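[1] Below is the sequence, then the predicted model.
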Amino acid sequence: MKKQQLPKVPYALRAISFLTGFALMAFELVAARILAPTIGSSMYVWTSVIGVIIAALSLGYWVGGKLADKRNKEFDVVLLCLGTVLLVMLTTVSYPSYLPFIASAVEDTRIQGVVASLLLFAPTSFVLGAIGPYLAKLAIISLQTSGQSVAGLSALNSLGGILGTFVTGFVLFSYIGSRETLLVVVLILITSSWLLLPKRRIVERVTVSLSSLLIVAIPIQLPLAVVAQVDSPSAHYVIADSVYAGQPTRLLMTGPNAAQSGVMMHAPDELVFWYTSYGAELIVNQNPERVLILGGGAFTLPRHLAKTLPDATIDVVEIDPALHDIAKEYFLYEDQPNVSLFFEDARTFVNKDHEPYDVVFVDVYGDAAIPFTFLTKEHGDRVERLVKDDGVVISNVIAGSQGACRQTIEVIDAMYRPHFPAGYWQTQYGQEYGRGNYILLHSRDRDMDYDMNVLAETTETAFTDNFAPAERMNFLCQQMSNPRF
């Protein structure tokens, strides 16, 4: 019996399948990245991006399949690749103006994410989806081997997507920005368009290719207040100059809801925001030997404490090592001899065994929301092991007196109260308000006298690593009045 040979799919079709898979996943990661400064980076935003892109791809598969059966022309693949180039170019030049308009016109962040994804990302995803059925149709040489032909192309497309995910997340975002990554996507798609019938309609193809590259490569003119935008594997940062409390202030932001850090450029040792000043006061009053700060930001609090407590050991845990360079370049940060920086996830750090601290200060945010991993019973159990018997846990949270904003306080209290029976709170204005910064303090010693409000023990059930509806709680809280700083 003659052995059946595997189908010989043209190399150009294989390469296009691989490259378009790479481009799709790179585009999807950039999509979520460019929404972050204006709309946010919450789970709702990611859900919107992924859901809309998958829906657009599915529609593209269906339409592409019908067109491939009807036309079955190789040059159609060239046109589809160039069509995606034009759509990525359109996304690149339009998102800086579209996103602020969407954010101002729609209040619900879930709807903002869906609308932005439909306008900016769905068209490109739709055309990318239409390419796959064309490639499959062209690759089928024999009905006896059609399954292998299609499977081979699908596997290459998936491999391209896997590589695109890792290269974009681990490499591109570490060295170039979101706009530059879109330029890489355009280059990949242009390359794909030239792999088939390279001698046909050369002038038109060269015109589209070069003009798209030039337009995408032109840098965005940033607003006057924006000093820089920096991408890292963890986040998209906006550094902007503003005026706070009548003083020129430089701010660090990762989303539209709040500034994560700030410094007065003429007085970098002074703390800008109430919560950092009040938190620093509470820390200093403990006369600590060892301090742990979860969340570095621009390292303004560690810098202040290092000079106020020169004999104390101060450990700072920050997930993003890029913030060290950002703080040095834009926020006048200087390394301090008694400050040690640990660049890893704060929850991972807490899970390990360390010499106990007198104070653990928790200031961990993504935009204006606390990640769920810092709101669970398991996290509270681990923090308890890091605190000395006479030590305290201090938390900076955006919360409030009502609804989901109040629940934020109660969830944190439910996490710490089993280990720290004394709880206290304070706000900038001395009384509770709808939404803003609250400082919480938990201690084992009920007899300690703090000039703070006593926190009534919560009846809220503690979140767990298995079930922590933090996204819903954060979303509902954000729908309340804007936070005060």
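    Sure thing, it's come through. Numbering: from 1, shown residues only.
[2] tell me the strands in the stretch 201-350 of the chain, going along the chain?
    With DSSP state E, counting those that start in this stretch, the ranges of strands along the stretch 201-350 of the chain come out as 226-231, 236-244, 247-253, 259-264, 290-294, 313-317, 339-342.
[3] what's the closest of those to Tyr450?
    For Tyr450, the closest of those is strand 290-294, at 17.4 Å, according to C-beta to C-beta. C-beta: built from backbone N, CA, C; applies to glycine.
[4] For that closest one, what does the pLDDT average out to?
    The average pLDDT within strand 290-294 is 97.
[5] Please apply the same query to stretch 19-30.
    95.
[6] got the contact list for it?
    Contacting residues not belonging to stretch 19-30 are listed as 49-50, 53, 57, 81, 84, 88, 121, 124-125, 128, 131-132, 156-165, 167-169, 172-173, 178, 181-182, 184-185, 188-189, 191-192 [C-beta atoms under 8 Å, 6 or more residues apart in numbering].
[7] which residue sits closest to His419 in space, ignoring its chain neighbours?
    Glu384 (3.8 Å; C-beta to C-beta, 6 or more residues apart in numbering).
[8] Pretty sure the one you found sits in a helix.
    Yes. Assigned with DSSP: H, G, I helix; E, B strand; the rest coil, Glu384 falls within a helix.
[9] What are the buried residues along the longest helix anywhere in the chain?
    Longest helix of the chain, by residue count under DSSP state H: helix 74-105. For helix 74-105, a neighbour-count test (16 or more other C-beta atoms under 10 Å) marks 76-78, 80-92, 95-96, 98-99, 102-103 as buried.
[10] Show me what it is packed up against.
    Helices and strands touching helix 74-105, by 3 or more C-beta pairs under 8 Å, 6 or more residues apart in numbering; DSSP states H and E, are helix 11-35, helix 43-70, helix 109-120, helix 122-139, helix 178-193, helix 202-217.
[11] Got the domain ranges for this protein?
    For the chain, automatic domain parsing gives the domain ranges 11-217, 265-478.
[12] okay if I get those domains as a markdown table plus distance to Ile239?
    Putting the domains of the chain into a markdown table (distance: least, C-beta to C-beta, whole Å) gives the following:
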| stretch | distance to Ile239 |
| --- | --- |
| domain 11-217 | 11 |
| domain 265-478 | 5 |
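[13] Which of these sits closest to Met253?
    Counting by C-beta to C-beta, and looking across all of the domains of the chain, nearest comes domain 11-217 at 7.0 Å.
[14] What is the burial count for Asp390?
    Asp390 has 11 neighbouring residues, counting by other C-beta atoms under 10 Å.
[15] Name the nearest residue to it, ignoring sequence neighbours.
    Asp390 sits nearest to Asp445 (C-beta to C-beta, 6+ apart), 6.5 Å away.
[16] re earlier: separate out the buried members of the contacts of stretch 19-30.
    49, 53, 57, 81, 84, 88, 121, 124-125, 128, 131-132, 156-157, 160-161, 164-165, 167-168, 172-173, 178, 181-182, 184-185, 188-189, 192.
[17] For this structure, which residues score under the pLDDT cut-off?
    Within the chain, the stretches with pLDDT under 70 are 1-9, 141-149, 219-224, 257-258, 366-368, 480-485.
[18] Strand 290-294 and the longest strand belonging to it, what's the angle between them?
    Ranked by residue count, the top strand of the chain under DSSP state E comes out as strand 387-399. With axes from the mean of the first three to the mean of the last three C-alpha atoms, to 10 degrees defining the directions, strand 387-399 sits at 30 degrees from strand 290-294.
[19] after strand 387-399, next one along is what?
    helix 403-416 (DSSP states H and E).
[20] And the longest strand of the chain, what's buried?
    In strand 387-399, counting by 16+ other C-beta under 10 Å, buried: Val387, Lys388, Gly391, Val392, Val393, Ile394, Ser395, Asn396, Val397, Ile398, Ala399.
[21] which of those sit farthest apart?
    Spatial extent of the buried residues of strand 387-399 (C-beta to C-beta) is set by the pair Lys388 and Ile398 at 28.0 Å.
[22] Now do the longest helix of the chain against helix 122-139: the angle between them, please.
    Using the same axes, to 10 degrees: helix 74-105 against helix 122-139 is 160 degrees.
[23] just how off-centre is helix 74-105 within its chain?
    Mean-position distance between helix 74-105 and its chain equals 22 Å (C-alpha atoms, centre = their mean, to the nearest Å).
[24] bridging residues for the closest residue to Ala259 other than its chain neighbours?
    Among residues not flanking Ala259 along the chain, Leu251 sits closest, at 4.2 Å (C-beta to C-beta, 6+ apart). Assessed by DSSP bridges, Leu251 has beta-bridge partners Ala240, Gly262.
[25] For Leu251, the count of nearby residues, please.
    23.
[26] Name all residues that make contact with it.
    Counted by C-beta under 8 Å, 6+ apart, Leu251 has contacts Ile239, Ala240, Asp241, Ser242, Tyr244, Ala259, Ser261, Gly262.
[27] Just the buried subset of those, please.
    Ile239, Ala240, Ala259, Ser261, Gly262.
[28] No further questions, thank you.
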